[in-house]
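**Q** Here is my input; please provide its structure:
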Amino acid sequence: MDGPRAGGLNLAVSDPHADVAVDAIRFAEQGLERGAARTAVIEAGIVAMDPAAPGNAHDASCSCPGNLMAPPFAPSPGEFGRWLGAFQTAVLLEVEEPDPGRGPWVQGGEGWRCAWHRVRADRDRWPATKAAWSRLQQVTSWVERESMRRGYYLAVGFGAGDCELCEVCDTAQLCVEPYAARPSLEAVGVDVARTRAAAGWDGPAPGLCTLSGILLLV
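**A** Below you'll find the model as predicted:
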């Protein structure tokens with residue numbers, strides 16, 4: 001038996017009469033109500049993978065601090081890909097925040113972790129980026145909890161960038177926020193730009209910090 005479904009029986013939700021299509025739309029609408037700029041119910045199969053994303057996280061010379069939700073601690077693209085293959089339905093979530101910076105931070109772009117930490121050190125840009133990260137984390141966590149309350153006990157969310165729940169992440173210790181911390185999409189090898197395009201979304205608008213996350217539902 002592989003994945004959440006087998007033999008026609010939905011094994012990933014405790015209510016055998018649950019209408020996944022209706023519930024997924026409800027979770028997407030709730031994401032909008034909680035502060036997402038846009039949401040979309042998608043087939044999990046359209047989530048595009050970029051196995052090189054974790055390896056491209058840093059520039060050639062880098063002194064970025066470690067983070068338990070980032071490579072090499074996050075699940076590898078191979079591990080995530082096998083996990084993703086067990087899901088059929090997902091909810092794509094996105095937040096926006098006005099960005100006074102000199103250009104967009106590209107989620108999953110070349111050297112994305114180094115770029116994230118350069119923005120983190122920029123007093124003009126970091127407040128907007130941190131606000132967007134916090135909103136995405138809150139929206140994704142809330143929708144994840146609601147879906148689990150509805151009986152989708154395998155539902156799990158993924159965010160963007162580095163985990164910012166703690167000021168400093170001690171990678172020598174176990175995570176101190178295990179119920180709240182989640183890896184980013186790019187950390188596990190998701191090609192965010194291709195996934196957004198597959199969902200029918202245009203590219204991020206200039207002048208905005210745009211961060212994408214996902215809820216794997218069933």
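
**Q** okay, CA-based contacts and neighbour counts for the rest of this
**A** Fine.

**Q** Between the two ends of stretch 202-217, how far is it?
**A** End-to-end distance for stretch 202-217: 24 Å, by Cα to Cα, to the nearest Å.

**Q** Stretch 77-92 too?
**A** Counting by Cα to Cα, you get 19 Å between the two ends of stretch 77-92.

**Q** repeat for stretch 61-81
**A** One end of stretch 61-81 sits 29 Å from the other (Cα to Cα).

**Q** As a check, name the ranges of all strands in this protein.
**A** Taking DSSP state E as the criterion, the chain contains strands spanning 5-6, 9-10, 38-43, 89-98, 156-158, 208-216.

**Q** Just want the angle from the fourth one to strand 38-43.
**A** Yep, that's strand 89-98 we're talking about. 160 degrees (axes from the mean of the first three to the mean of the last three Cα atoms, to 10 degrees).

**Q** Can you say which of the strands of the chain is packed in most?
**A** Among the strands of the chain, ranked by average contacts under mean count of other Cα atoms under 10 Å, first place goes to strand 208-216 (a mean of 25).

**Q** coming back round to it: closest to Val192 out of the strands of the chain?
**A** Of all those, it is strand 208-216 that lies closest to Val192, at 7.4 Å by Cα to Cα.

**Q** Name the residues that touch that closest one?
**A** The contact list for strand 208-216 (Cα atoms under 8 Å, 6 or more residues apart in numbering) reads 44, 84, 87, 89-99, 104-105, 107, 128-129, 132-133, 136, 140, 143-144, 155-160, 184-185, 192, 204.

**Q** same question for that strand, mean pLDDT?
**A** Averaging pLDDT along strand 208-216 gives 96.

**Q** How far off centre is it?
**A** Distance, stretch centre to chain centre, for strand 208-216: 6 Å (Cα atoms, centre = their mean, to the nearest Å).
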